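>>> Task: produce atomic coordinates for the following.
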Amino acid sequence: MAQRGHYDLMTIGGGSAAFAAAIKAAELGARAAIVEKGTIGGTCVNIGCVPSKTLIKAAELCYHAAYTQFEGLTACPPPSDWRRVVQQKDELVAALRQGKYVDVAAIYPTITILKGDATLLDGRQVRVNDTVYESEKIVVATGSSPWVPSIPGLQEAGFLNSEQALSLEALPASMIIIGGGSIGLEFAQLFARFGVQVMVLESGPHVARAEEPEIGQALVRYLEDEKVRICTNVTISRVERRDGGYLVHTQTDGKPEVCRAECLLVATGRRPNTSGLGLKDAGVTLGSKGEITVNEHLQTNNPDIYAAGDCIGDPMYVYVAAYAGGLATENALSGVGRVFDLTALPHVTFTDPQIASVGLTERQAREKGLRVQTSRLSLEHVPRALASRNTKGLIKLVAEEETGRLVGAHVLAAEAGEVIQEATLAIRFGLTVRDVADTFHPYLTMVEGLKLAALTLKKDVSKLSCCAG
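Okay, here's the model as predicted:
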């Protein structure tokens, strides 16, 4: 076995966390290597965020063209060339992979990309294929993969996961989706808007369980208006394939039903990619779901090995992975002891309307012993929504009762992902709802809804003129 090369830092994985780690190492004057056995760029750009949100946007444009809210406009039929839509998605993925990963790595002369399987050995050695490399520090950033529950007959029948569903050769007539989280709901609406009959099966009492109950309930109503059937409290006893389709045998609150569809998509979350790396032999502890256990500095039990991204478990967001990769490297190479802080972490579900949240839900705040007050504003009171002829949604704020400090913001709106950033900054810097209400907000913007929601704590906004506070 050949031994070649010495690096200050090696990353295992070639996605967002790994690239952020390697770039930070280069900025610190260190030599870094990225080890990737598959496609450079990781989940987000290749098979996750970028391709899924591209198809979601295409479906959104198609839907709103066909079902316009404006009288006098002719409804446009959906496009018939599904393959071209998929091809455009693939073209964007390829361009971003090249431009934001491969080309970026080439800018830094101290970053090397090594292709192959990595295994951690004794000490600070990493074997890549048949070559052993020495590295002062190692950052494991191997990402995650779709997780599938143990359901009798599922493996034998076959199914789609969330990655494969992005590259279907043709649209099916019908689809069953197992899982009512963010991924399942995004795909449900995406395919329903392209004319697929969609049914969502969720084992829990609610879909979008991480969100405020009223937001999840409202989204269900909107999806059902688009002919998506959503079933909760579902137990699946077995799956079988018959006559070119799928039969999913279920019970809902004790009532049996056999659900039929041409296509079956399993969207039940993701699990860390941590097997086959030699982690345990290297002294790295794993959690119950295979996640790498790290301290607040992203250091594992082995002081020379750090971890970042999906492989350390939830929350599995690409922007968290990039943040973690840079932080892990800075701690590993400089010993600065920066803390991995997710205090003001926003997240978005890209349905239409979108769900965007940051901070605590009302329930979480009360469980922490906080005395809170809440406001809830229907989008019927937001001028931007009225002008757009789209008042689907609501805004809910959670604030400390005594101080007025904003501790949670939850938005269901067509542009929720853009709106949430103001609330993220407010929570990060300890601002109050009064601070939000007293800040200028441009008229006829969706973010003005945050101001109106803040005002709702003290006033009836239906009795205010435009822009009045």
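>>> Below-threshold pLDDT in the stretch 51-200 of the chain: ranges please.
Low-confidence segments of the stretch 51-200 of the chain, defined by pLDDT under 70: 72-79.
>>> Repeat that for the stretch 301-450 of the chain.
The stretch 301-450 of the chain contains no residues with pLDDT under 70.
>>> now the strands for it?
Along the stretch 301-450 of the chain, the segments classed as strands by DSSP state E, counting those that start in this stretch run 305-307, 347-349, 354-359, 372-378, 394-400, 406-413.
>>> Please work out the angle formed by the directions of the longest one and strand 354-359.
Angular relation of strand 406-413 and strand 354-359 on a 0 to 180 degree scale: 180 degrees, by axes from the mean of the first three to the mean of the last three Cα atoms, to 10 degrees.
>>> if we can go back for a sec, what would the strands of the stretch 301-450 of the chain look like in JSON lines with distance to Phe19 and mean neighbour count?
C-beta coordinates here come from the backbone N, C-alpha and C atoms, glycine included. JSON lines is the format used below for the strands of the stretch 301-450 of the chain (distance: least, Cβ to Cβ, whole Å; neighbours: other Cβ atoms under 10 Å):
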{"stretch": "strand 305-307", "distance to Phe19": "15", "mean neighbour count": "28"}
{"stretch": "strand 347-349", "distance to Phe19": "22", "mean neighbour count": "19"}
{"stretch": "strand 354-359", "distance to Phe19": "25", "mean neighbour count": "25"}
{"stretch": "strand 372-378", "distance to Phe19": "39", "mean neighbour count": "18"}
{"stretch": "strand 394-400", "distance to Phe19": "35", "mean neighbour count": "24"}
{"stretch": "strand 406-413", "distance to Phe19": "30", "mean neighbour count": "27"}
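>>> Could you save these as TSV and add columns showing distance to Gly158?
Listed next are the strands of the stretch 301-450 of the chain as TSV, based on distance: least, Cβ to Cβ, whole Å:
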stretch	distance to Gly158
strand 305-307	33
strand 347-349	28
strand 354-359	31
strand 372-378	44
strand 394-400	40
strand 406-413	35
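>>> For the host helix or strand of Cys62, give me every contacting residue.
Remark: Cys62 resides in helix 49-66, with elements defined by DSSP states H and E. For helix 49-66, the external contacting residues (Cβ atoms under 8 Å, 6 or more residues apart in numbering) are 43-44, 75-79, 85-86, 88-90, 92-93, 96, 162, 166, 183, 186-187, 189-191, 193-194, 226, 318, 350, 352.
>>> got the buried residues for that helix?
By 16 or more other Cβ atoms under 10 Å, the buried positions in helix 49-66 come out as 49-56, 58-60, 62-64.
>>> Can you tell me the closest non-neighbouring residue to the residue nearest the centre of the chain?
When Cα atoms, centre = their mean is applied to the chain, the residue found nearest the centroid is Tyr317 (5.0 Å). Spatial nearest neighbour of Tyr317, chain neighbours left out: His347 (6.4 Å); criterion: Cβ to Cβ, 6 or more residues apart in numbering.
>>> circling back: now, of the contacts of helix 49-66, which are buried?
43-44, 85-86, 89, 93, 96, 162, 166, 183, 186-187, 189-191, 193-194, 318, 350, 352.
>>> Restricted to helices, list the residues you listed.
43-44, 85-86, 89, 93, 96, 183, 186-187, 189-191, 193, 318 (DSSP state H).
>>> Give me the contacts around the helix or strand Met175 falls within.
When elements are assigned from DSSP H and E, Met175 belongs to strand 174-178. Strand 174-178 has contacts (Cβ under 8 Å, 6+ apart) with 149, 151, 184, 187-188, 191, 196-201, 236, 245-246, 248, 259-268.
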